[in-house]
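Visitor: Structure for the following, please:
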Amino acid sequence: MSASMLAILGAAVAIVTALLLARPLNQTTTDDLRRRFGPEFDRAVTRNQGDTAAAERELSERLRRFGGLRVKGLTTDVRERYRTEWTLVQERFIEAPGQTVARANALLNRLAVERGFPAESRERQADALSLHCPRHAQGCRELHECARRAAAGEADTEAM
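Guide: Have a look, this model is predicted:
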């Protein structure tokens, strides 16, 4: 066998071996999902009664649905407008905690929609947020729930 034939055979063996050992690009592992989603991974496992495989399917589905979402930047003027509005919301908390939580919730929703996150439901919005800001998605859910409870008269000032 010639040297060039041996080189071609060696290259073919290397390629076949690499193809056999490489995992598909769209296959994610538990560690990949845990790194990407952080606390959302644990939340998904809890929601699925400890079933890690079910949590992986749920989070992989989120990746499929929202992975292509492009978060829009804000201009300096818009960012400053939100910062000013947030300051005003915080200043009113002592006077009217329930209304303030509702205003904070509405402000967060408007900001998320303006940045390109889904508007149809808060849960879908939080799911999309969990891909881009996984450590803040639960806070978004908690704020929405607190606003809902305050509107229903079920939350005291301490809880808010």
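Visitor: Which SSE is immediately downstream of the helix or strand of the chain with the lowest mean pLDDT?
Guide: Lowest mean confidence among the helices and strands of the chain (mean pLDDT, DSSP states H and E): helix 3-21, at a mean of 60. Per DSSP states H and E, the first helix or strand lying C-terminal to helix 3-21 is helix 30-37.
Visitor: Pull out the buried residues from that next one.
Guide: For helix 30-37, the neighbour count (16 or more other Cβ atoms under 10 Å) marks Leu33, Arg34, Arg36, Phe37 as buried. Heads up, the C-betas are built off the backbone N, CA and C, glycines and all.
Visitor: likewise stretch 95-108?
Guide: Pro97, Gly98, Thr100, Val101, Ala102, Arg103, Ala104, Asn105, Leu107, Leu108.
Visitor: Look up how far Thr87 lies from the closest residue to Ala128 other than its chain neighbours.
Guide: Excluding the flanking residues, the one nearest Ala128 by Cβ to Cβ, 6 or more residues apart in numbering is Phe66, at 4.2 Å. Relative to Thr87, Phe66 is positioned 30 Å away (Cβ to Cβ, to the nearest Å).
Visitor: who has more neighbours, those two?
Guide: Phe66 (18 against 9; other Cβ atoms under 10 Å).
Visitor: Which pLDDT value goes with the more buried one?
Guide: Per-residue pLDDT puts Phe66 at 90.
Visitor: With Pro134 instead?
Guide: 85.
Visitor: list the contacts for it?
Guide: Arg36, Phe37, Gly38, Pro39, Glu40 (Cβ atoms under 8 Å, 6 or more residues apart in numbering).
Visitor: how close does the spatially most central residue of the chain sit to Thr87?
Guide: Central residue of the chain (Cα atoms, centre = their mean): Ser130, 0.9 Å from the mean position. Using Cβ to Cβ, one gets 27 Å for the distance from Ser130 to Thr87.
Visitor: Please, which helix or strand holds Glu142?
Guide: Residue-wise, Glu142 maps onto helix 137-151 under DSSP H and E.
Visitor: Now do that helix: everything it contacts.
Guide: 39-40, 43, 97-98, 101-102, 104-105, 108, 112, 122-123, 125-127, 129-130, 155, 159-160.
Visitor: at 7 Å what do you get?
Guide: Helix 137-151 is contacted by residues 39-40, 43, 98, 101-102, 104-105, 108, 122, 126, 129-130, 155, 160 when judged by Cβ atoms under 7 Å, 6 or more residues apart in numbering.
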